[in-house]
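# Got a sequence here, can you model it:
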Amino acid sequence: MLPPSHPFNLLVIDDETSLRRTLRIALESMGHRVTEAANSAQALTSLQQQRFDLAFLDLRLGTERGLELLPELVSVAPGLHVVIITAFAGLDSAIEAMRKGAFDYLPKPFTPNQLRVVLDRSALIRGLRNRVTALEEQVGHLAPDVELTTEEPTVRKVFDVAFQVAPTEATVLLRGESGTGKGVLARATHTRSKRGSRTFVTVHCPSLSAELLESDLFGHVKGAFTGAVQDKPAKVEAADGGTLFLDEIGDLPLALQPKLLRLIQDKTYERVGDPTPRTADVRIMAATNRDLEADVKAGRFREDLFYRLNVIEVTLPPLRNRRKDLLPLARHLLKFFSRQSGKSVTGFSAEAEAAMATYAWPGNVRELRNAVERGVILTPDEVVGLEHLPGQLTSAGSTRVEVGAAVTIDALEAEHIRRVVASSPSLDEAARILGIDPSTLYRKRRSAKFRTQSAESDEKPTHGD
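I've put the predicted structure just below:
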């Protein structure tokens, strides 16, 4: 028999030693991992120490009743499939078991084929739930798929490295400016991995306070803090067997960094308000637009965590360095937004393509996406013209400003400030990167020379990947 694509972690709860061992041998021969428990206390202890996909629960546990333990199992381990096994099968007990949360009901004696049917059905339902979770996340961040094709040799090397390590369990750190598509590449790498059929879960590190981020990442128990009116499952638990993607990892609060380090090293974590260690089999991928080496030196990021994350480093280049890819990508986005809007937009005017080809794109692929979407919405014709694109592409600032070009120092400074501001999560962070005070940055952005070149680009693109 072929082993399962992803072995289950199973718990057998039965007071008869011989039956537990027989069931264990049968299940392990199918390629699954099995833990035994002779009573409710052992079962609950096992559930607190590790995560199980499914439990086989005897209806009678000596002096205990399996149906009384069933609600506790479901409460301690949300998402656990519990299969009742019994030599005293009856319609009433089956109905009561299902009402209390049982996944299935097997009368003794049962055959290996009956076990396979139950396990296959559990795997099917779990897989469907994972797909629903992934689809819900995609709908929540509705956006066109970015084509992972390129005419740029440097970008091809980036994709090759990412896809070469995809089948491994190596931790991957994706680096690059905001908007370069790190999240897209992370998902594509997960899809090509051995975990591709399991869940891909994203945690946005800058989006929450330290307390809420810890609860989101590791979960909490009822009463752990004010407002915790019920248990909350962890994103780590949702990603078990799959990939946990930590977006903008450089913004992870210092207080949470040792807890993440423990998860990476030992695959263990604790829910907020519950000191019991739990395990999670997750692959970690992370992304950042920050200089983590500088953050390590400044004491804002743990050095040991940095080295744990930086096993495989992949750096995505900014869009301004992908000139051969720019127009093909813009046309791909145009097709998507044309279909989405129900319009028949077929392309760009020559003037629009020329402006896009020479613009610096400080907001990278995300800014291009927004510009193309705007163009499709505003054009009344089949072609997106220059007048339908954002103002910064038609302003004086659209002239290509690069080091070594025939431009003034003032123009270089204005362009550099605009790019840093566009790729930073806040003005304070932009000022830190530029090495100036926030008040100086504010004054420079208000100056006449800066307004002349970037007045049209003050609508900074939203950050995140």
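
# tell me which helix or strand of the protein sits lowest on mean pLDDT?
Here the helix or strand of the chain ranked lowest by mean pLDDT, DSSP states H and E is helix 448-454, holding a mean of 46.

# ok, how many other residues are close to L326?
21 (other CB atoms under 10 Å). Yep, even glycine has a C-beta here, placed from its N, CA and C like the rest.

# Please confirm that it is located within a helix.
Yes: read with DSSP: H, G, I helix; E, B strand; the rest coil, L326 is one of the residues of a helix.

# Can you verify my assumption that it contacts E367?
No: the pair L326 / E367 is not scored as a contact, 11.5 Å apart, by CB atoms under 8 Å.

# Quick check: neighbours shared by these two?
Shared contacts of L326 and E367, defined by CB atoms under 8 Å, 6 or more residues apart in numbering, are found at 319, 361.

# In the stretch 351-465 of the chain, where is pLDDT below threshold?
Residue ranges of the stretch 351-465 of the chain with pLDDT under 70: 394-407, 422-423, 425, 446-465.

# can you check the stretch 101-250 of the chain too?
Flagging of the stretch 101-250 of the chain using pLDDT under 70 yields the residue ranges 130-147.

# let's see it at 80
Within the stretch 101-250 of the chain, the segments meeting pLDDT under 80 span 126-148, 207-208, 223-231.

# now the strands: where do they sit in it?
104-107, 172-175, 200-204, 243-247 (DSSP state E, counting those that start in this stretch).

# Now tabulate the ones you listed in TSV and tack on mean neighbour count and distance to A280.
Output for the strands of the stretch 101-250 of the chain, formatted as TSV (neighbours: other CB atoms under 10 Å; distance: least, CB to CB, whole Å):
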stretch	mean neighbour count	distance to A280
strand 104-107	18	25
strand 172-175	24	18
strand 200-204	21	11
strand 243-247	24	8
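
# Give the full set of residues in contact with S338.
Going by CB under 8 Å, 6+ apart, S338 touches 344-346, 376.

# So which of the residues you listed is the closest to F163?
Ranked by distance to F163 (CB to CB), the contacts of S338 are led by V376 at 31.0 Å.

# how about that closest one, phi and psi?
Listed backbone geometry of V376 is phi -60, psi -40, with angles given as degrees, to the nearest 10.

# Excluding covalently adjacent residues, which one is nearest to it?
F337 (4.2 Å; CB to CB, 6 or more residues apart in numbering).

# mind checking how far the one you found is from H388?
For F337, the distance to H388 equals 12 Å [CB to CB, to the nearest Å].

# Between the contacts of S338, which sits nearest S426?
Once CB to CB is applied, the member of the contacts of S338 that ends up nearest S426 is V376, at 30.4 Å.

# The closest one: neighbouring residues, count only.
Counted by other CB under 10 Å, the residues lying close to V376 total 21.

# before we move on, what about L124?
For L124, using other CB under 10 Å, the count is 10.

# E214 now?
Should you count by other CB under 10 Å, E214 turns out to have 22 residues around it.

# dump the residue contacts of it.
255-256, 259, 272.

# Narrow the residues you listed to those that are buried.
256, 272 (16 or more other CB atoms under 10 Å).

# what's the closest of the contacts of S338 to E248?
Using CB to CB, the shortest approach to E248 within the contacts of S338 belongs to V376, at 29.0 Å.

# And that closest one, how far from A330?
Taking CB to CB as the measure, V376 falls 11 Å from A330.

# next one: A280
A280 sits 40 Å away from A330, going by CB to CB.

# From what I see, G127 and G241 are in contact.
No: contact between G127 and G241 fails when scored by CB under 8 Å: they sit 10.5 Å apart.

# Just want to know which of the two has more residues nearby.
Higher neighbour count among G127 and G241: G241, with 21 against 15, using other CB under 10 Å.

# just checking, the more buried one touches S197?
No: under the criterion of CB under 8 Å, G241 makes no contact with S197, lying 9.1 Å away.

# List the residues that contact L434.
Residues near L434 by CB under 8 Å, 6+ apart: 416-417, 420, 441.

# Now, those residues that are in helices?
Among the contacts of L434, the members falling in helices (DSSP state H) are 416-417, 420, 441.

# Pull out the buried members of those residues.
Listed as buried from those are 417, 420, 441; burial here means 16+ other CB under 10 Å.

# and those residues as TSV, adding distance to T202?
Shown next, in TSV, are these (distance: CB to CB, whole Å):
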residue	distance to T202
I417	31
V420	26
L441	31
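
# Of these, just say which sits nearest to T315.
The nearest one, if we look at those relative to T315 and count by CB to CB, is V420, at 17.4 Å.

# how about the helices in the stretch 251-400 of the chain?
257-266, 292-297, 303-309, 323-341, 350-358, 364-378 (DSSP state H, counting those that start in this stretch).

# what domains does the record give for the protein?
For the chain, the structural domains run 9-126, 153-315, 319-457, going by automatic domain parsing.

# now the end-to-end length of the longest one.
Okay, so that is domain 153-315. Start-to-end span of domain 153-315 (CA to CA, to the nearest Å) is 14 Å.

# So what's the gap between it and the chain middle?
8 Å (CA atoms, centre = their mean, to the nearest Å).

# Offset the numbering so it begins at 9, please.
That works, and once the first residue is 9, the last one we named lands at domain 161-323.

# picking up where we left off before, how about the residue nearest to V384, what does it touch?
Contact partners of F345, counting by CB under 8 Å, 6+ apart, are 152, 353, 380-381, 384-385.

# Distance to I417 for the residues you listed - can I get that in JSON lines?
Converted to JSON lines, those look like this (distance: CB to CB, whole Å):
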{"residue": "P152", "distance to I417": "39"}
{"residue": "V353", "distance to I417": "41"}
{"residue": "V380", "distance to I417": "33"}
{"residue": "E381", "distance to I417": "35"}
{"residue": "V384", "distance to I417": "38"}
{"residue": "I385", "distance to I417": "38"}
